[in-house]
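Engineer: Give the three-dimensional model of this entry:
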Amino acid sequence: MKPTVLIVDDEKHSREGLRAAFDDKYECFVAKDAAEAARLMQDVPPDAVLTDLRMAGEDGMSVIERALKLPQQPVCIMMTAYGDVDTAVQAMSRGAYWFLQKPVDLRQVELLLERGLKARSTEKEVAVLRTRLDRKFALGEVVGSSAALQRSIEQVRSVAPSNATVLLLGETGTGKELFAQMIHQASQRPKGPFMAVHCAAIPANLLESELFGHEKGAFTGANERRVGRFESADGGTLFLDEIGEIDATTQVKLLRFLETRAVERLGSHRPIALDLRLVCATNRDLLQMVKEGKFREDLYYRLSVVPLRLPALRERVDDIPLLLAHYLRRFAQENGVAEARLSPEALGVLARYDWPGNIRELRNACENLAVLRAGKVVGPADLDPRFAAPAPALRAVVLGGALASLDKAANEKQLLRQALLSAAGNRTRAAELMGISRRTLHRKLLQWPELEAESPST
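Structural biologist: The predicted structure follows:
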């Protein structure tokens, strides 16, 4: 459909001449005064308004003010006489796109309409994308209802509105970057940038420059000034993944930023004050690294103002069927194919699998099935052999200082007994030791109530 343009001018030959000039490219409507323009705007909201300033009755300023109150603001261009430039500038300060002096150059009008409409279209696309982004990373959109996941989500809800530094802990593939983005979207600065840096993917000799930037000539090969990721994230959130991989020099500069909220580019001594939220993540044991002298203790405590542990997939077994259904549907839609469906037997095999790669491994498996088994029912024979293999569920449980490996499938009752003893009767801790959810542990205790009686209470 052609964009709609409303032309408002009390001089008939002027408004009709403009309509004739642009009628082939735009759907043009004309009005002889502000009152008629108001009626037309209600009937057919225009994409652009081209109005004279001086007219009988209300002037062009009132036309523009009404237009800018429409749900979808049109591009407003004012036409003025030579002596009305100050008024036209005032109209631009209120939201008009541009102004032209009469007699107008038709080519100039055409260029302004094209540029203005293109800018409005881009703004609409950005608004749509932002809405989708808000929805994608909204806390309510996380798939899963397990107690372990809900605890993490509640922690995000609590910490997101603050400016506190967050340290995300968890195994590879548990969704740490997704949670960082959720923290950003639920924060006080969701319209600011979200910058993600994977520290392990950047060579150690380049990481400092990548994070903090450098001045021209700061080192060999620094042929121009470079703005670092910290500066680029100003007003938003900087996510540093695999923070345990940064070297000692970068650790010092990171600590300095946390203390001063300012950075210095390499080759410069001028501090640059920044306003950003820092979220870090690691799958390593930073406290152990501190003991080994590989990570600064003062930096650790600065980063872990709010430590937030993300559960592994084996700790949220109840969520596996929901995640499988979600990703099979999603990848079918993305690839334009019919949705693959899991048979009860195949679902049982996948639900019993240990998922060492966590959500990332599950997504990969679903994408594979969505493409190769599109529109079909997936049986156990269609699954990768690794899923059907006996789960390597030899869980390590500390008992009286000894490390006993128990085959969960063969001796589950004994494993549960030792987990409860090791956890001194604490159900949450026992569930963690077994690698299951607390809800699953509760169901197992209903089968063997004598076990709880045997364990010490906490």
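Engineer: Any stretches of the stretch 1-150 of the chain with poor pLDDT?
Structural biologist: Residue ranges of the stretch 1-150 of the chain with pLDDT under 70: 82-84, 124-141.
Engineer: ok, which stretches of it are strands?
Structural biologist: Taking DSSP state E, counting those that start in this stretch as the criterion, the stretch 1-150 of the chain contains strands spanning 4-8, 27-31, 48-52, 75-80, 98-101.
Engineer: highest average neighbour count across those strands?
Structural biologist: Scoring the strands of the stretch 1-150 of the chain by mean neighbour count under mean count of other Cβ atoms under 10 Å gives strand 48-52 as the most buried, with a mean of 27. Quick note: C-beta positions are derived from backbone N, CA and C, even for glycine.
Engineer: related to what we said a few turns ago, what's the closest of the strands of the stretch 1-150 of the chain to residue 178?
Structural biologist: Residue 178 lies closest, by Cβ to Cβ, to one member of these: strand 75-80, at 38.0 Å.
Engineer: Parallel or antiparallel, list what pairs with the closest one.
Structural biologist: Here strand 75-80 has these sheet partners by DSSP bridges: strand 48-52 (parallel), strand 98-101 (parallel).
Engineer: Now tabulate those strands in a markdown table and tack on distance to residue 58.
Structural biologist: Listed next are the strands paired with strand 75-80 as a markdown table, based on distance: least, Cβ to Cβ, whole Å:
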| stretch | distance to residue 58 |
| --- | --- |
| strand 48-52 | 11 |
| strand 98-101 | 18 |
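Engineer: Ramachandran angles for the spatially most central residue of the chain?
Structural biologist: In the chain, the centroid-proximal residue (Cα atoms, centre = their mean) is residue 181; its distance is 3.7 Å. Main-chain torsions, residue 181, degrees, to the nearest 10: phi -70, psi -40.
Engineer: and it, how far is that from residue 112?
Structural biologist: Distance from residue 181 to residue 112, counting by Cβ to Cβ, to the nearest Å: 38 Å.
Engineer: sorry, back to before: need the strands of the stretch 1-150 of the chain in TSV (columns: distance to residue 448).
Structural biologist: Output for the strands of the stretch 1-150 of the chain, formatted as TSV (distance: least, Cβ to Cβ, whole Å):
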stretch	distance to residue 448
strand 4-8	73
strand 27-31	76
strand 48-52	74
strand 75-80	72
strand 98-101	78
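Engineer: Of the ones you listed, give the one that comes closest to residue 185.
Structural biologist: With Cβ to Cβ as the criterion, residue 185 lies closest to strand 75-80 of the strands of the stretch 1-150 of the chain, at 30.4 Å.
Engineer: Tell me what angle that closest one forms with strand 4-8.
Structural biologist: Going by axes from the mean of the first three to the mean of the last three Cα atoms, to 10 degrees, strand 75-80 is angled at 20 degrees with respect to strand 4-8.
Engineer: show me where the stretch 1-150 of the chain has helices.
Structural biologist: Taking DSSP state H, counting those that start in this stretch, the helices of the stretch 1-150 of the chain run over residues 12-22, 34-43, 60-67, 85-93, 106-136, 147-159.
Engineer: what's the distance between the second one and the middle of its chain?
Structural biologist: Read that as helix 34-43. Distance of helix 34-43 from its chain centroid, counting by Cα atoms, centre = their mean, to the nearest Å, is 42 Å.
Engineer: Please apply the same query to the shortest one.
Structural biologist: On the basis of Cα atoms, centre = their mean, helix 60-67 is displaced by 38 Å from the centre of the chain it belongs to.
Engineer: list the helices and strands it packs on?
Structural biologist: The elements that helix 60-67 packs onto, with contact taken as 3 or more Cβ pairs under 8 Å, 6 or more residues apart in numbering; DSSP states H and E, are strand 4-8, helix 34-43, strand 48-52, strand 75-80, helix 85-93.
Engineer: could you dump these to a markdown table with distance to residue 149?
Structural biologist: Formatted as a markdown table, the helices and strands packed on helix 60-67 follow (distance: least, Cβ to Cβ, whole Å):
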| stretch | distance to residue 149 |
| --- | --- |
| strand 4-8 | 49 |
| helix 34-43 | 49 |
| strand 48-52 | 49 |
| strand 75-80 | 46 |
| helix 85-93 | 50 |
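Engineer: So for residue 266, which of those sits nearest?
Structural biologist: helix 85-93 (41.9 Å).
Engineer: deepest of the helices of the stretch 1-150 of the chain, which one?
Structural biologist: helix 60-67 comes out most buried of the helices of the stretch 1-150 of the chain by mean count of other Cβ under 10 Å, with a mean of 22.
Engineer: Can you tell me what sits against it?
Structural biologist: Residues outside helix 60-67 that contact it (Cβ atoms under 8 Å, 6 or more residues apart in numbering): 6, 8, 34, 37-38, 41, 46, 49, 51-54, 73-74, 76, 78-79, 87, 90-91, 94-96.
Engineer: From residue 241, how far off is the residue lying closest to residue 235 once chain neighbours are set aside?
Structural biologist: In space, and not counting its chain neighbours, residue 235 is closest to residue 192: 3.9 Å by Cβ to Cβ, 6 or more residues apart in numbering. Residue 192 is 19 Å from residue 241, where distance means Cβ to Cβ.
Engineer: Verify the stated contact: residue 15 with residue 30.
Structural biologist: Yes: assessed by Cβ atoms under 8 Å, residue 15 is found in contact with residue 30 at 4.6 Å.
Engineer: Tell me which residues touch residue 76, please.
Structural biologist: Residues counted as contacts of residue 76 (Cβ under 8 Å, 6+ apart) are 48-49, 51, 64, 67-68, 91, 95-97.
Engineer: Residue 369: which of the residues you listed is nearest?
Structural biologist: Nearest to residue 369 among the contacts of residue 76, with distances taken as Cβ to Cβ, is residue 48, at 49.4 Å.
Engineer: Now compare the contacts of residue 76 and name the two farthest from each other.
Structural biologist: Pairwise distances across the contacts of residue 76 peak at 14.6 Å for 48 and 91 (criterion: Cβ to Cβ).
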